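# sequence unknown, structure follows:
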């Protein structure tokens, strides 16, 4: 009760007309305020609905524009154990990246089973989503890139060359990695096809240290190669930033050691056919020497089956190894620890299983 009403009650007199007028005006103002608040709430709700619809429409458009249909995208997401997301954010990318490493093994079993490796997006996704298999870099990052593109991410394949003994670089198109642009946090280097590597995408433009469960990473400008040439064909500058024409090649560094060199020029999946052929047929390729199957474990460690030798490493780096006894045990480990059902044990191309 305000002071005017208190005074009126104490005197016992009826309220004067001005007081009635003020009260009516106050009630009218309150009613107008309520109506305004209701209108604002309705407007906010409508805007929220429109944003949700826009996100859904964007996701549907991205799926329609990709080589994948909705059922195949849904099957891929079920394999990863994640729900469909209609907004291509950095958090979504991080979750997909980690789940991929945990559920889809890095493996070269096709090489030792005599299976054809076809670098076509749909074929790669079907191998992962429908048959429960994994693959090596061209297959895993090829499939993952197709999924990300279907979910609305901007994805560019990049060619890499892996550092070997004494710092020598591998063949051209030695490795395939992905440059992924999100709607909220710029560009990221995604790589689910390198075996032991970062668990999460790395900030592509950041040149400082990047802490990750897989180690301490940096992306730095590369120096000259063995021929004294400093690469840098560059990539077209994106509208609004994010690309530098003529930019130098980049080295991905893990725990102070250079892991692979990246060309920043955009590529397409077909560019990597020769590299995939070489790695699956050449005796110089480590992929032809022994079957290998590896993935990140739920606790952040790693499990690897190389030939018949099983190695389990925990998140602290403590490992235990043992030799598997027979074919039945080998097939059981593939099935129970990697989700891969095989009819026979892969045999190294050279003959005996390593």
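Arrived safely. Note that the coordinates shown come from a computational prediction; the quantities given were computed from them, not determined experimentally.
# helices and strands around the longest strand along the chain, which ones?
In the chain, with assignment by DSSP state E, the single longest strand is strand 154-162. Contact here means 3 or more Cβ pairs under 8 Å, 6 or more residues apart in numbering; DSSP states H and E; on that basis strand 154-162 packs against helix 137-150, strand 175-181, strand 257-262. From N, CA and C alone the C-beta is placed, and that goes for glycine too.
# Can you give the strand pairings for it, parallel or anti for each?
Here strand 154-162 is paired, per DSSP bridges, with strand 175-181 (antiparallel), strand 257-262 (antiparallel).
# okay, the ones you listed, which one's buried deepest?
Highest mean neighbour count among the strands paired with strand 154-162 (mean count of other Cβ atoms under 10 Å): strand 175-181, with a mean of 24.
# What residues of the helix or strand harbouring residue 329 count as buried?
Taking DSSP states H and E as the definition, residue 329 sits inside helix 327-338. Neighbour counts over helix 327-338 (16 or more other Cβ atoms under 10 Å) mark 330-331, 333-334, 337-338 as buried.
# now, which of those sits nearest residue 206?
Checking the buried residues of helix 327-338 against residue 206 with Cβ to Cβ, the nearest one is residue 338 at 33.1 Å.
# Does the closest one touch residue 295 like I think?
Yes. Between residue 338 and residue 295 there is a contact under Cβ atoms under 8 Å: 6.4 Å.
# joint contacts of these two?
Residues touching both residue 338 and residue 295 by Cβ atoms under 8 Å, 6 or more residues apart in numbering: 105, 134, 303.
# Next, find the distance separating the second one from residue 269.
Between residue 134 and residue 269 the distance is 17 Å, computed by Cβ to Cβ, to the nearest Å.
# so what's the closest residue in space to residue 132 that isn't next to it in sequence scoring on pLDDT?
Closest residue to residue 132 apart from its sequence neighbours, by Cβ to Cβ, 6 or more residues apart in numbering: residue 339 at 5.3 Å. pLDDT, residue 339: 96.
# that older thread, out of the helices and strands packed on strand 154-162, flag the one nearest residue 250.
Minimum separation from residue 250 across the helices and strands packed on strand 154-162 (Cβ to Cβ) falls at strand 257-262, 4.6 Å.
# tell me the average confidence for the closest one?
In this model, strand 257-262 has a mean pLDDT of 97.
# same deal with stretch 313-329?
96.
# and the end-to-end length of that stretch?
End-to-end distance of stretch 313-329 (Cα to Cα, to the nearest Å): 19 Å.
# which outside residues touch it?
Contacting residues not belonging to stretch 313-329 are listed as 213, 297, 299-305, 308-312, 330, 333, 344-345 [Cβ under 8 Å, 6+ apart].
# So which bits of that stretch are buried?
Quick answer for stretch 313-329 (16+ other Cβ under 10 Å): 313, 324.
# From the chain's centroid, how far away is that stretch?
Remark: stretch 313-329 is offset 28 Å from the chain centroid, using Cα atoms, centre = their mean, to the nearest Å.
# State the distance from residue 166 to residue 102.
Using Cβ to Cβ, we find residue 166 at a distance of 34 Å from residue 102.
# Show me which of the two is the more surrounded one.
Taking other Cβ atoms under 10 Å, residue 166 and residue 102 do not tie; residue 102 has more neighbours (16 against 6).
# any idea which helix or strand carries the more buried one?
Counting by DSSP H and E, residue 102 is part of helix 90-103.
# for that helix, what is the average pLDDT?
Helix 90-103 carries an average pLDDT of 98.
# between it and helix 137-150, how big is the angle?
140 degrees (axes from the mean of the first three to the mean of the last three Cα atoms, to 10 degrees).
# Run through who's touching helix 90-103.
79-82, 85, 140, 144, 147-148, 151, 153, 180, 182, 184-185, 188, 190, 192, 199-201, 295-298, 339.
# can you give me the strands for the chain?
Counting by DSSP E, the strands of the chain are 106-107, 154-162, 175-181, 187-190, 202-203, 210-212, 215-221, 250-254, 257-262, 292-296, 302-306, 309-313, 319-323.
# Give the buried residues for the longest one.
Neighbour counts using 16+ other Cβ under 10 Å place 154-162 of strand 154-162 among the buried residues.
# Next up, the contacts around residue 81.
By Cβ under 8 Å, 6+ apart, the contact set of residue 81 is 99, 103.
# Contacts for stretch 140-150, please.
62-63, 65-68, 73, 76-77, 88, 93, 96, 100, 104, 106, 119, 121-122, 124-125, 127-129, 134-135, 155, 157, 176-178, 180, 190-193, 269, 272.
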